[in-house]
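Asks: 3D model of this:
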Amino acid sequence: MKTSSAFLTGGTASGSGKTTLTIGIMAALKARGLSVQPFKCGPDFIDPSLHRMVTGKISSNLDLRMCGREFCRDTFNFRFNGNDVAVVEGVMGLFDGGIASSAALAKELELPVILIVDASSAAESVAAIVKGFESFSPDVEIAGVIFNRVGSPRHRELIEKSMAGICKAQILGFFPRDIRFEIPDRHLGLHMGEEKPLNEVQLKQLVLAVEKHIDLDQLLQISRRTQAAEQEMFVANASIAKNVRLAVARDEAFCFYYEDNLKMLEAEGAELVFFSPLSDTALPADCKGIYFGGGYPELHAERLSENQAMRQAVNDFARSGGIIYGECGGFMYLCDRIETTGQQSHTMCGIFPFAVQMKTRLSRLGYRKPCLVADCFLGRRGQHLHGHEFHYSEIVGSTVGTPTLYQIDADIVEGYTFKNVIGGYLHLHFARNRELSKSFISELTGSQIITKTT
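Replies: Residues are numbered from 1 along each chain as shown. All right, here's what the predicted structure looks like:
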C-alpha cells in the first residue's frame, strides 16, 4: 500500500479565494515533481477545467447527492491510486449543501479539511470563525487553516495571537492580497481552464507565492494516508459491440461535460469523435449519434448561426431519425434561435420550434431527479435520472405540441423530444443510473443512421 497525502480544501463561504489557492497548491506540488490528482466537490464544470490546466489530469466531480456514495468512494480511490497527492476542492462554504456539502464529502472519504478563511475584513474575529467551524461538526477534521488576503505583517500578528490556544487547526499560511492571481469571471462563473485565464507568467508567480506563504511540507504531513486497494472503474462491457462512433461537440461554445460520463459511454462501446459546431462544416463520418454538452453558445451565437452548413447537417441528421442528446447549451443550439441580452436574434438548428432568450439574472439553479415518462434511448419509463440545472436563459414562445420525457415535479416537465432527439436544460450525470449509458450506446448500436463523409 502506497502512503500519500489527501485533503479537501474548504471555504468559510463562496468568494473566499478557495479556487485560486487550490489551483496554486496543486501547481506548486506539481512543480515539486509530485503527481497530483484533482477532484471537485459538486456539479461544477469550470473548476475541474482549471484543475486540469495545472495538473494535466482529469478532475472528477464527486457529488454525493447526484452521483451517490459508492461512485464517489470508488472514483476517488480509482483516480487517487498511484498518485502522490489527492486534492479535493470543496464547494461554497464548507457546510453548505446538506448531503452534497464539502463537509459531508470529507466525512465520507475520511479526508482532513484545509479551511480557507478570507481575512480581508477582519483580524482577531477570524479565530472565532475557525473555532465555530471546528465545533459545528466535531466529526469533520479541520486539520489546517490558510488565511487569505492578509494585508500586512501587523494583520498577520493579530490573527496569530487570536488563534493561539483557542483553535486546534494548524495555521498553514497567510496569503497576501494580490490581484495578479484573480481569475476573470462571467455569468456562469470563472473562465475555463482551456481559455488560459492565468498565463504561464502568472502561474509561475502563483507557485512562488504559494511556496513562500504556505507551509506545503506541513500540509503534506498532516494529510498523510494509506491508499486503498487498487480499484477498477469504467470497465469495458464485453457484451456490447465496440467502436460505435458517437460525435461529441467540443469547442469554446460546448465545453461542459462530466468527464466520467464520457468514460462510461466509452466503457459501453462508444468511440467518441470530437467535432466543433463553430468551425467544422460537416458532422464526423459514420457516426450513429450526436452528444451536445453545455457551455457558452450565447457567447458564440453569431458564429454558430453563420455556420449554416453545420446547422443544416444537424437538422438533416435529426429529421432522418438520428439519435441526438443535447443538454443546456447543447439544447439551446438545437432550438430555433438564441436571443441575446442585447436584443439580437441568431438562428440555430431549428429542431425544437421555440427560441431561448438570455436573461441578466439566473433563471434556474438546483439538483433535479427527473422520472422518465416514456421509453427512450436514455432508459425506460419509470426510471429516475440524476442531474443539475444552472442557466441564465429561458424558453420564449409556446412549447405546446412538443412532447416531453422528464417529469420533475407535479407541474414541471422537461426533456423535449423530436423523433430521436432529446434536449433540455438538465445536465445529467450517469453515475447513479448506469443503465443510462448502457441504453444510450445500445440504441446507437442498432441505429441505421450514418452521417455523410466529411
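Asks: what bits of the stretch 51-200 of the chain have low per-residue confidence?
Replies: Applying pLDDT under 70 to the stretch 51-200 of the chain flags residues 179-197.
Asks: Which stretches in it count as strands?
Replies: Assigned by DSSP state E, counting those that start in this stretch, the strands in the stretch 51-200 of the chain fall at 60-62, 85-93, 113-118, 142-150, 170-176, 185-186, 189-190.
Asks: Packing partners of the helix or strand that comes right after the last one?
Replies: Using DSSP states H and E, the helix or strand that directly follows strand 189-190 along the chain is helix 200-213. Helix 200-213 makes packing contacts with helix 18-31, strand 170-176 when contacts are defined by 3 or more C-beta pairs under 8 Å, 6 or more residues apart in numbering; DSSP states H and E. Bear in mind the C-beta positions are built from the backbone N, C-alpha and C, glycine included.
Asks: What helices and strands are in contact with the helix or strand that comes right after the longest one?
Replies: Using DSSP H and E, the helix or strand that follows helix 18-31 towards the C-terminus is strand 36-41. Judged by 3+ C-beta pairs under 8 Å, 6+ apart, strand 36-41 is in contact with helix 18-31, helix 46-55, strand 60-62, helix 69-80, strand 85-93.
Asks: hmm, who's touching strand 36-41?
Replies: Outside of strand 36-41, the residues within contact range by C-beta atoms under 8 Å, 6 or more residues apart in numbering are 8, 26, 29-30, 47-48, 51-52, 55, 57, 59-63, 76, 79-80, 83-91, 100-102, 105.
Asks: That one: partners in the sheet, and parallel or antiparallel?
Replies: Partner strands and pairing direction for strand 36-41 (DSSP bridges) are strand 60-62 (parallel), strand 85-93 (parallel).
Asks: do you know which of those strands lies nearest Ala355?
Replies: Between Ala355 and those, the tightest spacing by C-beta to C-beta is seen for strand 60-62, at 30.7 Å.
Asks: Helices of this structure, start to end?
Replies: With DSSP state H as the criterion, the chain has helices at 18-31, 46-55, 64-67, 69-80, 102-109, 125-136, 153-163, 200-213, 216-222, 259-267, 301-306, 308-319, 329-334, 435-446.
Asks: still on that earlier bit, between the strands of the stretch 51-200 of the chain, which gets nearest to Leu220?
Replies: Of all these, strand 85-93 sits nearest to Leu220, with 7.0 Å by C-beta to C-beta.
Asks: quick one on the thing from earlier: can you tell me which of the helices of the chain is most buried?
Replies: Among those, helix 329-334 has the highest mean neighbour count (mean count of other C-beta atoms under 10 Å), at a mean of 29.
Asks: Show me what that helix is packed up against.
Replies: Here helix 329-334 touches strand 254-256, strand 289-292, strand 294-295, helix 308-319, strand 323-327, strand 352-358, strand 421-424, going by 3+ C-beta pairs under 8 Å, 6+ apart.
Asks: chain center to that helix: distance?
Replies: Remark: helix 329-334 is offset 18 Å from the chain centroid, using C-alpha atoms, centre = their mean, to the nearest Å.
Asks: then it to PDB, C-alphas only?
Replies: This file holds the C-alpha atoms of helix 329-334, laid out as PDB (Å, rounded to 0.1, in the frame of the first residue of the first chain):
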ATOM      1  CA  GLY A 329     -26.100  24.900 -24.100                       C
ATOM      2  CA  GLY A 330     -26.500  22.000 -26.400                       C
ATOM      3  CA  PHE A 331     -30.300  22.200 -26.100                       C
ATOM      4  CA  MET A 332     -30.100  25.900 -26.900                       C
ATOM      5  CA  TYR A 333     -28.300  25.100 -30.100                       C
ATOM      6  CA  LEU A 334     -31.000  22.700 -31.100                       C
END
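Asks: Quick one: mean pLDDT for it?
Replies: Across helix 329-334, pLDDT averages out at 98.
Asks: Can you give me every residue that contacts Thr75?
Replies: With contact set as C-beta under 8 Å, 6+ apart, Thr75 has these partners: Ser60, Leu62, Cys67, Met233, Asp260, Ala431.
Asks: repeat for Gly401
Replies: Pro353 are the contacts of Gly401 under C-beta under 8 Å, 6+ apart.
Asks: Outline the domain layout of this structure.
Replies: 3-226, 244-446 (automatic domain parsing).
Asks: which residues touch Asp251?
Replies: Ser276, Pro277, Leu278, Ser279.
Asks: With Met233 instead?
Replies: Counting by C-beta under 8 Å, 6+ apart, Met233 touches Asp74, Thr75, Phe78, Lys263.
Asks: Try it again at 7 Å.
Replies: Asp74, Thr75, Phe78 (C-beta atoms under 7 Å, 6 or more residues apart in numbering).
Asks: ok, now Gly42?
Replies: Taking C-beta under 7 Å, 6+ apart, we find Gly42 in contact with Asn61, Asp63, Val91, Ala100.
Asks: Please repeat the previous calculation with a cut-off of 10 Å.
Replies: Residues in contact with Gly42 (C-beta atoms under 10 Å, 6 or more residues apart in numbering) are 61-66, 89-92, 96-97, 100-102, 105, 388.
Asks: Narrow those to just the buried residues.
Replies: Applying 16 or more other C-beta atoms under 10 Å to those, the neighbour count classes 61-66, 89-92, 96-97, 100-102, 105, 388 as buried.
Asks: surely Asn83 meets Lys2?
Replies: Yes. Between Asn83 and Lys2 there is a contact under C-beta atoms under 10 Å: 8.7 Å.
Asks: shared neighbours, these two?
Replies: Residues touching both Asn83 and Lys2 (C-beta under 10 Å, 6+ apart) are Gln227.
Asks: between these two, who's got more neighbours?
Replies: Asn83 (20 against 11; other C-beta atoms under 10 Å).
Asks: Just want the phi and psi numbers for that one.
Replies: Main-chain torsions, Asn83, degrees, to the nearest 10: phi -100, psi 160.
Asks: quick one: Lys57 and Val85 touch, right?
Replies: No. At 11.0 Å, Lys57 does not count as touching Val85 under the criterion of C-beta under 10 Å.
Asks: What's the local residue count around the nearest residue to Ala267 once chain neighbours are set aside?
Replies: Take Ala267 and drop its neighbours on the chain: the residue closest to it by C-beta to C-beta, 6 or more residues apart in numbering is Phe234, 4.5 Å away. Using other C-beta under 10 Å, Phe234 has 16 other residues around it.
Asks: Can we start the residue count at 4 from this point?
Replies: Noted, 4 is the first residue going forward, which turns the last one into Phe237.
Asks: wouldn't Phe237 be in contact with Ala273 here?
Replies: No. With contact defined as C-beta under 10 Å, Phe237 does not count as touching Ala273 (11.6 Å).
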